[in-house]
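1. here's a sequence, model it:
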Amino acid sequence: MAVINRIAGFADEMTAWRHHLHMHPELGFDCQNTAAFVAQKLREFGVDAVHEGIATSGLVGIIEGRGPGPTIGVRADMDALPIAEATGLPHASTVPGRMHACGHDGHTTMLLGAAKYLAETRNFSGRVALIFQPAEEEGGGGGVMVEEGIMERFDIAQVYGIHNLPGLPEGTFQTTPGAMLAAVDDFDIDIIGKGGHGAMPHEARDPITAAVAMVQAIQTIISRNKSAQEEAVISVTQIHAGTANNVIPESACLNGTVRSFDPAIQARIRSRMEQIVTGCAAAFGVEARLDYHVVYPATVNDAEKAGFAADVAAGLVGADRVIRDGARDMGAEDFSFMLAARPGAYVYLGAGDGAGLHHPAYDFNDAVAPLGASFFARLVEAAQPGD
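-> Model (predicted):
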């Protein structure tokens, strides 16, 4: 791996930053201590301006290049997950029930490493906007930062993000032109029937039988209301009803998720779900309400920018270690809001073998952090060459 020499020289510092962040995880928008640590480091590096308090605890650091030019944005997420850590490592989480199980501590570290290098060398024109965002896992912090105007405020012309990926060979990069990750919607269905004795169901209106029928019918949306060549997933992930073996409950509720790439398919799924809930409620004599929540749009790479990012990665690790047309994934990512606002690309960095993302035994691979920082740095220098 062709890590930039200067970044390799402070790789141990990067590991220390990452372990500190890992030991002190924060959730959602409440990343105040993480943001304070990032802001302190950016000021130590000589970053020209640090703008704090965006989307509650997000921040943007600005580094001026050697001459006039546009602004390129590079982004890292900062939040952790409500998972009890099971690694047993010396730098394990010190906060019960919370851990960095997705590597956002590593992403933040990679962008800090790039910031340190870029603030020293400034071998680029224009400006770089270092975007540190909260609430990627839940809350859509990336979308909130866009809504609060970071693209216009800092005149960002293009934007890039990176995510570590266990299972992808260490030091391998992967991206794809066009849609890379799915749009995500959530739904909640509340069913109100009439409770009664389990031995006398004719005197009740059973919400459980209605719920079972709805689950079965909802699954036919995928098998009967879209082409087999169209990509979409519906998963009912929760069913809640009842308190005793001999009691027909008054109510039941269903919850789940929808994943898709095409807005037309997304709209069709929502419409069919509304029809199914209404129809099943009438058939079983119950009342039902569907709350359908559009959460994140699909993560769609600009084809040209994805190719550019792949070229930069190939310059670091060689063309044979860059996957330019990777498979699309039904996972979701709120970097999608930034890509909807500005052209850019999202890239995976292989973390090698180890526990998967969101697993209690996961830990970010510190060996790839200097490579990720080098990628960010070379991306800026190649996009906006200095005089």
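
2. can you give me the first-to-last residue distance of stretch 255-265?
-> Start to finish, the residues bounding stretch 255-265 are 20 Å apart (C-alpha to C-alpha, to the nearest Å).

3. got it, and stretch 13-31?
-> Start-to-end, stretch 13-31 (C-alpha to C-alpha) is 22 Å.

4. likewise for stretch 117-133?
-> Stretch 117-133 stretches 21 Å from its first residue to its last (C-alpha to C-alpha).

5. domains in this structure, by residue range?
-> Domain ranges of the chain: 5-181+298-383, 183-296, per automatic domain parsing.

6. centre of the chain to the longest one, how far?
-> Domain 5-181+298-383 sits 11 Å away from the centroid of its parent chain (C-alpha atoms, centre = their mean, to the nearest Å).

7. where do the helices sit along the stretch 201-350 of the chain?
-> Counting by DSSP state H, counting those that start in this stretch, the stretch 201-350 of the chain has these helices, from start to end: 207-224, 263-284, 303-317, 335-341.

8. quick one: closest of these to residue 374.
-> Nearest of the helices of the stretch 201-350 of the chain to residue 374, taken as C-beta to C-beta: helix 303-317 at 5.9 Å. All C-beta spots, glycine's among them, are computed from the backbone N, C-alpha and C.

9. report the buried residues of that closest one.
-> 305, 306, 308, 309, 310, 312, 313, 315, 316, 317 (16 or more other C-beta atoms under 10 Å).

10. quick check: the first one touching residue 344?
-> Yes. With contact defined as C-beta atoms under 8 Å, residue 305 and residue 344 form a contacting pair (5.1 Å).

11. so for these two, which residues contact both of them?
-> 158, 160 (C-beta atoms under 8 Å, 6 or more residues apart in numbering).

12. from one end of stretch 84-95 to the other, what's the distance?
-> OK, stretch 84-95 end separation, C-alpha to C-alpha: 9 Å.

13. what sits up against it?
-> When contacts are defined by C-beta under 8 Å, 6+ apart, stretch 84-95 is touched by residues 19-20, 22-25, 80, 96-97, 99-101, 360-363.

14. ok, which stretches of the stretch 51-200 of the chain are helices?
-> Under DSSP H, counting those that start in this stretch, the stretch 51-200 of the chain gives helices at 104-121, 141-147, 150-153.

15. for those helices, which one ends up most surrounded?
-> helix 104-121 (a mean of 26; mean count of other C-beta atoms under 10 Å).

16. just checking, what packs against that helix?
-> On a contact count with 3 or more C-beta pairs under 8 Å, 6 or more residues apart in numbering; DSSP states H and E, helix 104-121 meets helix 5-9, helix 11-23, helix 32-45, strand 58-64, strand 71-77, strand 127-133, strand 156-166, helix 369-383.

17. okay, now the unreliable bits of the stretch 151-300 of the chain?
-> Applying pLDDT under 70 to the stretch 151-300 of the chain flags no residue at all.

18. can you tell me how far the one residue sitting closest to the centre of the chain sits from residue 152?
-> Of all residues in the chain, the one closest to the mean position by C-alpha atoms, centre = their mean is residue 333, 3.0 Å from it. Residue 333 sits 22 Å away from residue 152, going by C-beta to C-beta, to the nearest Å.

19. next: residue 22.
-> Applying C-beta to C-beta to residue 22 and residue 152 gives a distance of 34 Å.

20. same question, residue 158
-> On the measure of C-beta to C-beta, residue 158 and residue 152 end up 14 Å apart.

21. contacting residues around the residue lying closest to residue 21 once chain neighbours are set aside?
-> For residue 21, ignoring the flanking residues on the chain, the nearest one in space by C-beta to C-beta, 6 or more residues apart in numbering is residue 105 at 3.9 Å. Neighbouring residues of residue 105 by C-beta under 8 Å, 6+ apart: 18, 21, 22, 25, 80, 364.

22. closest one to residue 278 out of these, please.
-> Closest approach between these and residue 278, by C-beta to C-beta: residue 80, at 39.9 Å.

23. show the contacting residues for that closest one.
-> 25, 26, 27, 93, 98, 99, 100, 101, 102, 104, 105, 137.

24. wait, the first one touches residue 97, no?
-> No. Counting by C-beta under 8 Å, residue 25 stays clear of residue 97, with 9.6 Å between them.

25. who has more neighbours out of those two?
-> With neighbours defined as other C-beta atoms under 10 Å, residue 25 and residue 97 compare such that residue 25 has more, 26 against 12.

26. end to end on stretch 131-149, go ahead and measure it.
-> Where stretch 131-149 begins and where it ends lie 13 Å apart, using C-alpha to C-alpha.

27. what of stretch 175-185?
-> 23 Å.

28. neighbour-wise, give me the winner out of the contacts of stretch 84-95.
-> Ranking the contacts of stretch 84-95 using other C-beta under 10 Å puts residue 100 first, with 30 neighbours.

29. so what pLDDT did it get?
-> Reported pLDDT at residue 100 in the predicted model: 98.

30. distance of it relative to residue 119?
-> Using C-beta to C-beta, residue 100 is found at 25 Å from residue 119.

31. likewise for residue 66?
-> 12 Å.

32. who touches both of those two?
-> The contact lists of residue 66 and residue 119 share no entry, where a contact means C-beta under 8 Å, 6+ apart.

33. what pLDDT is listed against residue 1?
-> 56.

34. save the helices of the stretch 201-350 of the chain as CSV, and put in distance to residue 61 too.
-> Shown next, in CSV, are the helices of the stretch 201-350 of the chain (distance: least, C-beta to C-beta, whole Å):
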stretch, distance to residue 61
helix 207-224, 44
helix 263-284, 34
helix 303-317, 21
helix 335-341, 16
